[in-house]
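1. got a sequence here, can you build the structure:
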Amino acid sequence: MNKHIVSIQNPLIKELVQLKEKSRERKKTGLFLIEGEREISLAIKGHYEFETILFYPELISEIRINELIDQHIERIEISKEVYEKLAYRDTTEGILAIAKNKTNSISDLKFNTKNPLILVAEAPEKPGNIGALLRTADAANIDAVIIANPKTDLYNPNIIRSSVGCVFTNQIATGRTSDIIEFLKTQNINIYCAALQASVNYHSQDFTKPTAIIVGTEATGLSDEWINNSTQNIIIPMQGEIDSMNVSVAAGILIFEAKRQRGFL
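-> Numbers count the residues shown, from 1 in each chain. Presented below is the predicted three-dimensional model:
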């Protein structure tokens, strides 16, 4: 028999609202909320652990839940009011999961190839940009995404939503710029920084060897620490009136040039 929660004043629901809204709470508990069938399915494929499933039976049946989720995971039936309080959007099929964070440590990164292709984004602030970067990384099936000096946690609902669940499909790590540079150098991975200073056109470089493509924010670009440790700074030739583009668009151009050179393997 499933538990039932009908009130938004229920202590568990109050805790889950905090998980939804507060990065501090997600870090403290090591938990976060996932909503939607697609996102939950991708998290399962990404080997995330679930503690509890919450569902609104008017929108999803237990038969469908059984198709998605291990039957041994606790389930709680919730009212429409509770579902609307917890859900970030109104088109997520009536199901939410309480999941455990991963450590996302650089030391946990594992490469299945001797020739990895990695995207590093330094200090991205906007969840929408992070989500778009993760979608691009997934589309190209690169080996890892590393967030340097992160400004928000990966399990922010806006990142999960804007990445359409690709936060679960990519191998992701976070860390300080200095530690990431040390890791890349230890792994003999070439560092290509998207920067205006001392740059060459991106398509003139050989990305078929172990490669990390580094992108910064549109406002400030990359820090000097990256520039000073770059194998080569690269630039996308701009032919219009402006001298920069959205970071996820730029990353997509650079990543898919690397994929083209590698025969899309």
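2. what sits against the nearest residue to residue 16 once chain neighbours are set aside?
-> Among residues not flanking residue 16 along the chain, residue 86 sits closest, at 5.7 Å (C-beta to C-beta, 6 or more residues apart in numbering). C-betas here are computed from N, CA, C, even on glycine. Contacts here follow C-beta atoms under 8 Å, 6 or more residues apart in numbering; on that basis residue 86 touches 13, 16-17, 20, 33, 35, 54, 78, 96.
3. possible to save those residues as a markdown table with neighbour count, distance to residue 129 and secondary structure?
-> Below are the contacts of residue 86 laid out as a markdown table (neighbours: other C-beta atoms under 10 Å; distance: C-beta to C-beta, whole Å; DSSP: H, G, I helix; E, B strand; the rest coil):
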| residue | neighbour count | distance to residue 129 | secondary structure |
| --- | --- | --- | --- |
| 13 | 21 | 31 | helix |
| 16 | 24 | 27 | helix |
| 17 | 16 | 26 | helix |
| 20 | 19 | 21 | helix |
| 33 | 22 | 21 | strand |
| 35 | 24 | 21 | strand |
| 54 | 25 | 29 | strand |
| 78 | 28 | 32 | strand |
| 96 | 27 | 25 | strand |
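4. quick one: which of the residues you listed is nearest to residue 131?
-> Of all the contacts of residue 86, residue 35 has the smallest distance to residue 131: 14.7 Å, by C-beta to C-beta.
5. now the helices for this protein?
-> Assigned by DSSP state H, the helices in the chain fall at 11-21, 23-29, 37-45, 62-68, 80-86, 127-140, 157-162, 177-186, 224-228, 247-261.
6. any stretches of the chain with poor pLDDT?
-> 1, 90, 92 (pLDDT under 70).
7. got the contact list for the residue positioned nearest the centre of it?
-> In the chain, the residue lying closest to the centroid (C-alpha atoms, centre = their mean) is residue 167, at 3.2 Å. For residue 167, the contact set (C-beta under 8 Å, 6+ apart) comprises 131, 134, 154-155, 159-160.
8. residue 8 now?
-> Residue 8 neighbours (C-beta under 8 Å, 6+ apart): 14, 17, 81-82, 85.
9. what about the closest residue to it other than its chain neighbours, how many residues close to it?
-> The shortest distance from residue 8 to any non-neighbouring residue, by C-beta to C-beta, 6+ apart, is to residue 85 (4.7 Å). By the criterion of other C-beta atoms under 10 Å, residue 85 has 16 neighbours.
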